[in-house]
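>>> how would this look folded up:
(one chain, ligands or ions: 1)
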Amino acid sequence: MSTKSVAHSLLTDEERAFQDVVQKFMDKHVRPIVADMERDGRPPAELLKKMGEQGLLGSFAPEEYGGGGGSLMTRAIVAEETARADAGLDATLFVNMSLVARHLIKRGTEAQKQRYLVPLIEGTASASICLTEPHGGSDALSPKTTARRDGSDWIIDGSKTFITNAPIADHFLVFARTSGENRRAHGGTCFIVDAGTPGLTVGSPLKKMSLRSSPTAEVFFDSVRVSDDQILGEAEKGFYYMLEGLDLERVFEGASNTGIAQACLDLAVSYSSERKVFGQALSEYQLTQDKIARMATGVEMSRVMFYHLIRALERGEEVTRAASILKLYSSEAAVEASREVVQVLGGYGLMEEYPAARLYRDAKHHEIGAGTSEIQKIIIARETYKDAAKSR
Ligand SMILES: Cc1cc2nc3c(=O)[nH]c(=O)nc-3n(C[C@H](O)[C@H](O)[C@H](O)COP(=O)(O)OP(=O)(O)OC[C@H]3O[C@@H](n4cnc5c(N)ncnc54)[C@H](O)[C@@H]3O)c2cc1C
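Purely as a prediction, here's the structure:
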C-alpha cells in the first residue's frame, strides 16, 4: 500500500526503497495480527525479533551495535508506517527506539550499550522510560521519586504511572530527583534499572481506551538499590538529558500522527468508493469529498513538516517552537481524521470489526501523551514572545 505524497521528494532514493520494505513488512506481518495484539494487550515477542532481524528497529543506530547506520529519517519512516498499521505497536517501538535507544546511543557507556542497546536493536528486549508520576506528568521536573546515597550505592524510592512497556520491559530508565528543588532542571539523575531488581515492582496492565496493543502500567520503587554504573550519563544531569530530547520526541510524534491520519484517509477513501447510498457511491457526494479533502490536507501538511524537521534535526538545528507546532497540529489533524473516518463508515464506524473505531481511540492519545496540547501551546507562545523580544 504505497502513498503518493508531495513530501516523498524530500527522501533520498535509499530512504524511498527502505520505506517500500517497511510498507511491505507492515502488510505481511503487522496488519493481519492487529486484532490479536489488541486482545493480548502487547505485541508478540517474535514480531519485535523479526523487525530486528530485518533491520527495522535500529536502522538509524550505529553499525557497531547492530544498527543500520542510516539517517534519522529511517526511524521516522518506520514510525509513520507502524502507526499507520497499528498505533499501539508504534508506541512500544517509540519508547524502545526513539526514546530509550537514542538516550543510550547518546549517553550510554560502552558496557551499557552492549548490555541494553544491542538487545533493543535485535528486538530481543523491550524497555521503559519512567518520568510521569501519579500526582502529575506535565510538571515533569517535580518528581516525588528520589534517589539518595547509601555508601557507594543509591537507593530509589517512589512510583511512576502510565509507563509504556512496563509489563514487558527488561530494563527501565528512571528519572529521580537526587538534589535541588522542584521545577529546576539541575539535580535529576537518570538510572538504568533491570527488571527483577529487588524492590522494583510493576503493576497490572492498565486498561485503557487507546493503544491497546501497547502495555502500560505503574512502576513502584521501594528502596531499590542501584550502583554508580547504572547512571546514564552524569549524576544530577538527568533532567537536562530529558529536556534535550523533547524536540526530537515531538518530531517523531509528528511521524506517528501522520501515520494514523494516513490510515484514516486510506480507509475513508476505500470505504466511500465502495459503499452505495441513495444509489451512488458515497465518494460521489461533495459532503464526502469535503471530508476527504480535509483529511488529505492534514496528512500532507503534517508529513511535509515532519520531514522538514527531521532534516533540520539531522543538521543539528534547534527546532523547539516548530516541533511543538508540529506535535499540536498533527495530533489535531489525526483526531479530526479519526472522527471523520468513523462518520464516513456510519454505523460500521462504531463496530470494532472495522479499524475506524481503533483509529478513533488511538488518535486521541496523541493530544495527551508526550506533552499535552496545552503544554505545546504554552511552549509555542513562549518561544514566539522570546523570538519577538530578540528582534526588537
Ligand atoms: C497511554 C499512555 C502512555 C504513556 N507513556 C508514558 C511513558 O512511557 N513514560 C512516561 O513517563 N509517561 C508516559 N505517559 C504520561 C504522559 O506523558 C502524561 O499523561 C502527560 O504528560 C500528561 O500528564 P498527566 O496525565 O499527569 O496530566 P496533568 O499534567 O495532570 O495535566 C492535566 C491537564 O492539565 C493540563 N495542563 C497542564 N498544565 C497546564 C497549564 N499550565 N495550563 C492549562 N492547562 C494545563 C494538561 O494539558 C491536561 O489537560 C503516558 C500516558 C499515556 C496516556
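>>> mean confidence for stretch 146-161?
When pLDDT is averaged along stretch 146-161, the result is 97.
>>> show me which residues of that stretch are buried.
Neighbour-count burial for stretch 146-161, with 16 or more other CB atoms under 10 Å as criterion, is recorded at 146-147, 154-161. Quick note: C-beta positions are derived from backbone N, CA and C, even for glycine.
>>> roughly how far does residue 87 sit from residue 320?
From residue 87 over to residue 320 the distance is 25 Å, taken as CB to CB, to the nearest Å.
>>> again but with residue 141, I slipped
When CB to CB is the yardstick, residue 141 and residue 320 sit 16 Å from each other.
>>> residues in contact with residue 257?
Each residue near residue 257 by CB atoms under 8 Å, 6 or more residues apart in numbering is listed here: 83, 302, 327, 330-331, 333-334, 363, 366.
>>> my error: substitute residue 251 in the last question.
Taking CB under 8 Å, 6+ apart, one finds 76, 306, 309-310, 313, 319, 323, 326 in contact with residue 251.
>>> thinking again about what came up before, export the buried residues of stretch 146-161 to CSV and tack on secondary structure?
What follows is the buried residues of stretch 146-161, written out as CSV (DSSP: H, G, I helix; E, B strand; the rest coil):
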residue, secondary structure
146, strand
147, strand
154, strand
155, strand
156, strand
157, strand
158, strand
159, strand
160, strand
161, strand
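>>> which of those lies closest to residue 243?
Out of these, the one with the shortest distance to residue 243 is residue 160. That distance is 17.9 Å, counting by CB to CB.
>>> identify the bridge partners of the closest residue in space to the closest one that isn't next to it in sequence.
With CB to CB, 6 or more residues apart in numbering as the measure, residue 130 is the residue that lies nearest to residue 160, at 4.1 Å, once sequence neighbours are left out. Using DSSP bridges, the beta-bridge partners of residue 130 come out as residue 174.
>>> make sure residue 130 is actually in contact with residue 162.
No - under the criterion of CB atoms under 8 Å, residue 130 makes no contact with residue 162, lying 9.7 Å away.
>>> out of the two, which sits in the busier spot?
residue 130 (28 against 19; other CB atoms under 10 Å).
>>> pLDDT score for the more buried one?
pLDDT, read off for residue 130, is 97.
>>> show me what counts as buried in whichever strand or helix holds residue 271.
With secondary structure defined by DSSP states H and E, residue 271 is part of helix 246-274. When neighbours are counted by 16+ other CB under 10 Å, the buried residues of helix 246-274 are found to be 246-269, 271-272.
>>> distance of residue 350 relative to residue 228?
Residue 350 sits at a distance of 54 Å from residue 228 (criterion: CB to CB).
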